[in-house]
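Asks: Next come a sequence and a model predicted from it.
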Amino acid sequence: MRLTILGGGGFRVPLVYGALLTDRAEGRVTDVVLHDVDPDRLSAISRVLAEQATGVADAPRVTTTTDVDDALRGADFVFSAIRVGGLQGRADDERVALAEGVLGQETVGAGGIAYGLRTVPVAVDIAARVARLAPDAWVINFTNPAGLVTEAMSRHLGDRVIGICDSPVGLGRRIARVLGADPGRAWIDYVGLNHLGWVRGLRVEGRDELPRLLADPGLLGSFEEGRLFGAEWLRSLGAIPNEYLHYYYYNRETVRAYREAELTRGAFLREQQARFYDEARDAATAALAAWNRTRAEREATYMAENREAAGAGEREADDLSGGYEKVALALMRAIARDERTTLILNVRNRSTLSVLDAEAVIEVPCLVDANGAHPVAVDPLPGHATGLVCAVKAVEREVLAAAESGSYATAVKAFALHPLVDSVTVARRLVDGYRAVHPGLAYLR
């Protein structure tokens, strides 16, 4: 089976390859094609993968290319993990937004809209190429903003594109661990959009254990989301929010922490990864060891500004292990081998949430088999969550419309309607600021 990874020179690719090395079953991935626009990054990551495969019998063969069409031909699965504009683009997204006093995070608020506006046209082109060159392939999308990009690609690929994210997986794992439950056997009642969802229940053998967690301040204070949001607020919600909802519930505190930070997250990663790629180009360097060191630092500093604003302390060791690569492997195995499983994924709504139309991509538990991912029926969201989900989905639709039409006015509308942008005037300045630093947004007129 052949897996093509778009963004194959990306820093997190070794996580995916490491997961593939653990799969010894019949029908596993035997060939990995890495595609990237940067041959130096491809070379560096190829060295890491080669060291990972040392001593592993029948490790998947790795080839590289800078030609996207060559990469797609013959693919059974396509893993999309591109970053349009690179980490410099992410740093610019943060800087422009923070200058206006609003959030610049890459998937939430102004930064997420900017990233979406320059990513959607590229993602749509990829989807059209997959439909033409590899019509039987399944596309697994990890490109952010994951829900928005998955919806854009679904207009060409239908249900054959599925978005993944490790945030719900990590949240469910942490809640189960605190409650003494096996995450693999617990049913996690999670619903929302990507980076905008809530765990409303965790059922073990038919019993919902979440009320026990919410009633115990000691348990709530023993894991990351409990410290991040505070026990009182979680009890008020009656649910455990995805960590990214901290940007909404504590927006002023987070924006202040980001503005006071020495480096934004994007700028930190830009400098950190530049050092890694420079180091990995040296043939005398142990590339895998360099990657491991860099990754450990990356994971330890994840959402550091939010934790600082909330006084939540350092991340726990168990939360530094990633997770999206395990979701990707489980998804591929379920489809390729009909190994039925349940995963929280980004898929088209159909009739799952009545407040959204059938084509809207949402993030919910899905039953996965050889025919793809099928969203499970869920209870309606409470009013406060429904309002936020509908508002953000409306913004995503404006982003898609702006990307399709090239309309400057529609892009302004997308920014102005977002709950974390508080002024139409600011929205116009944001569009102008982003057009000034991103050549990829020159299409907005």
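Replies: Sure, I can see it.
Asks: Can you give me the neighbour number for the closest residue to Arg73 other than its chain neighbours?
Replies: Once flanking residues are discounted, Arg73 sits nearest to Leu133: 5.3 Å by C-beta to C-beta, 6 or more residues apart in numbering. (Each C-beta comes from the backbone N, C-alpha and C, glycine too.) A count of nearby residues for Leu133, using other C-beta atoms under 10 Å, gives 17.
Asks: Isn't Leu133 up against Asp70?
Replies: No - assessed by C-beta atoms under 8 Å, Leu133 is found out of contact with Asp70, at 9.3 Å.
Asks: By mean pLDDT, flag the weakest helix or strand of the protein.
Replies: helix 304-310 (a mean of 68; mean pLDDT, DSSP states H and E).
Asks: show me where the stretch 51-200 of the chain has strands.
Replies: For the stretch 51-200 of the chain, the strands defined by DSSP state E, counting those that start in this stretch cover 61-65, 77-80, 138-141, 161-163, 187-193, 196-204.
Asks: Out of those strands, which one sits most buried?
Replies: Neighbour counts (mean count of other C-beta atoms under 10 Å) averaged over each of the strands of the stretch 51-200 of the chain peak at strand 161-163, with a mean of 28.
Asks: Check which helices and strands that strand sits against.
Replies: Applying 3 or more C-beta pairs under 8 Å, 6 or more residues apart in numbering; DSSP states H and E, we find strand 161-163 packed against strand 138-141, helix 146-157, strand 341-348.
Asks: roughly how far out does the shortest one sit from the chain middle?
Replies: Chain-centre distance of strand 138-141: 13 Å, with C-alpha atoms, centre = their mean, to the nearest Å.
Asks: The nearest residue to Tyr408 once chain neighbours are set aside in helix, strand or coil?
Replies: Nearest residue to Tyr408 in three dimensions, chain neighbours excluded: Leu444, at 4.7 Å (C-beta to C-beta, 6+ apart). Recorded secondary structure, Leu444: coil (DSSP: H, G, I helix; E, B strand; the rest coil).
Asks: Next up, phi/psi of Leu444, please.
Replies: Phi and psi for Leu444, reported as degrees, to the nearest 10, are phi -80, psi 120.
Asks: State the number of residues packed around it.
Replies: Close neighbours of Leu444, defined as other C-beta under 10 Å, add up to 22.
Asks: and the gap between it and Val108?
Replies: In this view, Leu444 and Val108 are 21 Å apart by C-beta to C-beta, to the nearest Å.
Asks: With Ser354 instead?
Replies: From Ser354 to Val108 the distance is 25 Å (C-beta to C-beta).
Asks: how about the nearest residue to Asp38, chain neighbours excluded?
Replies: Computed as C-beta to C-beta, 6+ apart, the closest residue to Asp38 that is not its neighbour in sequence is Gly9, at 5.3 Å.
Asks: The one you found and Ile45 touch, don't they?
Replies: Yes - if you go by C-beta under 8 Å, Gly9 and Ile45 touch, sitting 5.2 Å apart.
Asks: Between the two, which contacts overlap?
Replies: Shared contacts of Gly9 and Ile45 (C-beta atoms under 8 Å, 6 or more residues apart in numbering): Leu34.
Asks: More neighbours: which of these two?
Replies: A direct count of neighbours by other C-beta under 10 Å for Gly9 and Ile45 places Ile45 higher, at 28 against 22.
Asks: so what's the more buried one scoring on pLDDT?
Replies: Note for Ile45: predicted pLDDT of 97.
Asks: elements contacting the one helix or strand it maps to?
Replies: Element membership for Ile45, per DSSP states H and E: helix 39-52. On a contact count with 3+ C-beta pairs under 8 Å, 6+ apart, helix 39-52 meets helix 13-21, strand 31-35, strand 61-65, helix 265-280, helix 287-300.
Asks: Quick one: the ones you listed as TSV, columns for mean pLDDT and distance to Ala334 too.
Replies: Shown next, in TSV, are the helices and strands packed on helix 39-52 (pLDDT from 0 to 100; distance: least, C-beta to C-beta, whole Å):
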stretch	mean pLDDT	distance to Ala334
helix 13-21	96	14
strand 31-35	98	19
strand 61-65	98	23
helix 265-280	94	32
helix 287-300	92	27
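Asks: Quick one: closest of those to Val424.
Replies: helix 265-280 (26.0 Å; C-beta to C-beta).
Asks: Would you mark the buried spots in that closest one?
Replies: 265-270, 272-273, 276-277, 279-280 (16 or more other C-beta atoms under 10 Å).
Asks: Please apply the same query to stretch 360-371.
Replies: Going by 16+ other C-beta under 10 Å, stretch 360-371 has these buried residues: 360-366, 368.
Asks: tell me the mean pLDDT over stretch 429-438?
Replies: 98.
Asks: Contacts for it, please.
Replies: For stretch 429-438, the external contacting residues (C-beta under 8 Å, 6+ apart) are 85, 89, 92-93, 96-97, 99-100, 102, 110, 113-114, 117-118, 408, 411-412, 415, 421, 441-442, 444.
Asks: Centre of the chain to that stretch, how far?
Replies: The chain centroid and the centroid of stretch 429-438 are separated by 24 Å under C-alpha atoms, centre = their mean.
Asks: so what pLDDT did Arg315 get?
Replies: At Arg315, the pLDDT value in this model is 56.
Asks: follow-up on the earlier one: now do the residue nearest to Arg73 against Leu343, distance only.
Replies: Leu133 sits 27 Å away from Leu343, going by C-beta to C-beta.
Asks: ok, and for stretch 392-401, which residues are buried?
Replies: Within stretch 392-401, the residues scored as buried using 16+ other C-beta under 10 Å are 392-393, 395-400.
Asks: so which of the residues you listed comes closest to Val161?
Replies: Checking the buried residues of stretch 392-401 against Val161 with C-beta to C-beta, the nearest one is Leu400 at 14.3 Å.
Asks: Identify the residues contacting the closest one.
Replies: Counting by C-beta under 8 Å, 6+ apart, Leu400 has contacts 120, 148, 151-152.
Asks: The residues you listed: which two are farthest apart?
Replies: Based on C-beta to C-beta, the longest span within the contacts of Leu400 runs between Val120 and Glu151 and measures 9.2 Å.
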